[in-house]
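K.L.:
Dropping a prediction and its sequence here:
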Amino acid sequence: MQQRCYSSAKNLCRKIIQPRTSIQATCDMFINHRGIDTKRTIAGLLHDHFFRMGLRPFLDSRNMKPGDSLFEKINPAIRNCKLGLAIFSPNYCDSYFCLHELALLMESKKRVIPIFCDVKPSQLQVKDYGTRSTKQLQRFSWALEEAKYTVGLTFDSSTGEWSEFLNTATDSVIKNLVELEAENSSSKKSTYIVQGRE
């Protein structure tokens with residue numbers, strides 16, 4: 001099973017690494033996370049693992065440099081990614097940027113794989129500190145509810161097996177990217193056939 005998954009990953013990587021035009025995705029996956037909880041652990045580990053596989057993950061701390069505008073780099077990365085990884089953690093909902101990124105992923109109709117790290121879906125709630133508008137609170141709550149009711153992965157960093165989690169996450173990401181690539185290929189063929197008949 002592991003060998004077959006690795007072979008599928010290599011084939012997918014070959015397709016993905018081919019020269020790109022500006023219209024195609026600038027990253028394969030956008031990693032949405034709360035830095036203080038996961039940057040040095042699960043988010044960084046996933047980014048580096050996928051990068052070594054030849055994929056193009058986006059993680060703010062690895063893909064941005066001092067002086068970059070958050071919205072000018074993050075928003076296009078989300079809009080142009082193929083897949084979102086939302087890593088939920090205990091402090092996730094305290095962050096405006098985490099919730100904004102999640103909402104943008106959902107509004108852009110991206111496929112999102114939720115990863116619940118040291119937190120249960122039922123524990124995730126948008127908090128109102130009086131700094132967010134009603135519209136923002138509704139937008140963030142909607143996106144969070146969408147993610148909570150999407151099949152995802154769970155990981156307990158105090159008792160979980162890191163290598164097992166990494167294998168499970170890799171399998172999930174590769175399978176989703178393969179499905180998205182197949183859907184994209186079939187929709188291009190359908191468009192070509194329809195245009196060819198006109």
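P.N.:
Cool, the structure landed.

K.L.:
For the chain, which segments count as helices?
P.N.:
Ranges of helices within the chain are 2-17, 35-38, 42-52, 60-63, 70-80, 96-107, 134-148, 162-197, based on DSSP state H.

K.L.:
Format those helices as CSV; extra columns: distance to A86 and mean pLDDT.
P.N.:
C-betas here are computed from N, CA, C, even on glycine. Listed next are the helices of the chain as CSV, based on distance: least, CB to CB, whole Å; pLDDT from 0 to 100:
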stretch, distance to A86, mean pLDDT
helix 2-17, 21, 55
helix 35-38, 11, 92
helix 42-52, 11, 94
helix 60-63, 14, 78
helix 70-80, 11, 88
helix 96-107, 6, 96
helix 134-148, 5, 95
helix 162-197, 12, 80
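
K.L.:
Which among the ones you listed is found nearest to D128?
P.N.:
helix 134-148 (5.9 Å; CB to CB).

K.L.:
Quickly list what the residue most central in space within the chain is bridged to.
P.N.:
Among the residues of the chain, the one closest to the centroid is G84, at 1.9 Å (CA atoms, centre = their mean). Legend: beta-bridge partners of G84 under DSSP bridges are F30, V112.

K.L.:
mind checking how far it is from E146?
P.N.:
The spacing between G84 and E146, counted by CB to CB, to the nearest Å, is 11 Å.

K.L.:
So for those two, which residues contact both of them?
P.N.:
Counting by CB atoms under 8 Å, 6 or more residues apart in numbering, the residues touching both G84 and E146 are V112.

K.L.:
Kindly reformat the helices of the chain as JSON lines containing mean neighbour count.
P.N.:
Shown next, in JSON lines, are those (neighbours: other CB atoms under 10 Å):
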{"stretch": "helix 2-17", "mean neighbour count": "13"}
{"stretch": "helix 35-38", "mean neighbour count": "20"}
{"stretch": "helix 42-52", "mean neighbour count": "19"}
{"stretch": "helix 60-63", "mean neighbour count": "16"}
{"stretch": "helix 70-80", "mean neighbour count": "16"}
{"stretch": "helix 96-107", "mean neighbour count": "20"}
{"stretch": "helix 134-148", "mean neighbour count": "17"}
{"stretch": "helix 162-197", "mean neighbour count": "13"}
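
K.L.:
quick one, which of these is nearest to K120?
P.N.:
The closest of those to K120 is helix 134-148. By CB to CB, the value is 9.6 Å.

K.L.:
which residues are in contact with that closest one?
P.N.:
With contact meaning CB under 8 Å, 6+ apart, helix 134-148 is reached by 86, 88, 93, 99-100, 102-103, 105-107, 112, 114, 121-122, 124-126, 128, 132.

K.L.:
Just want the angle from that helix to helix 96-107.
P.N.:
Helix 134-148 runs at 70 degrees relative to helix 96-107, counting by axes from the mean of the first three to the mean of the last three CA atoms, to 10 degrees.

K.L.:
Restricting to C-alpha, output helix 134-148 in CSV.
P.N.:
The C-alpha trace of helix 134-148 is given here as CSV (Å, rounded to 0.1, in the frame of the first residue of the first chain):
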residue,chain,number,x,y,z
THR,A,134,-21.4,41.3,12.8
LYS,A,135,-20.7,40.6,9.2
GLN,A,136,-17.2,39.2,10.0
LEU,A,137,-18.5,37.1,12.8
GLN,A,138,-21.2,35.6,10.6
ARG,A,139,-18.6,35.0,7.8
PHE,A,140,-16.2,33.3,10.2
SER,A,141,-18.8,31.3,11.9
TRP,A,142,-20.2,30.0,8.6
ALA,A,143,-16.7,29.0,7.4
LEU,A,144,-15.9,27.3,10.7
GLU,A,145,-19.2,25.3,10.7
GLU,A,146,-18.5,24.2,7.1
ALA,A,147,-15.0,22.9,8.1
LYS,A,148,-16.3,21.2,11.3
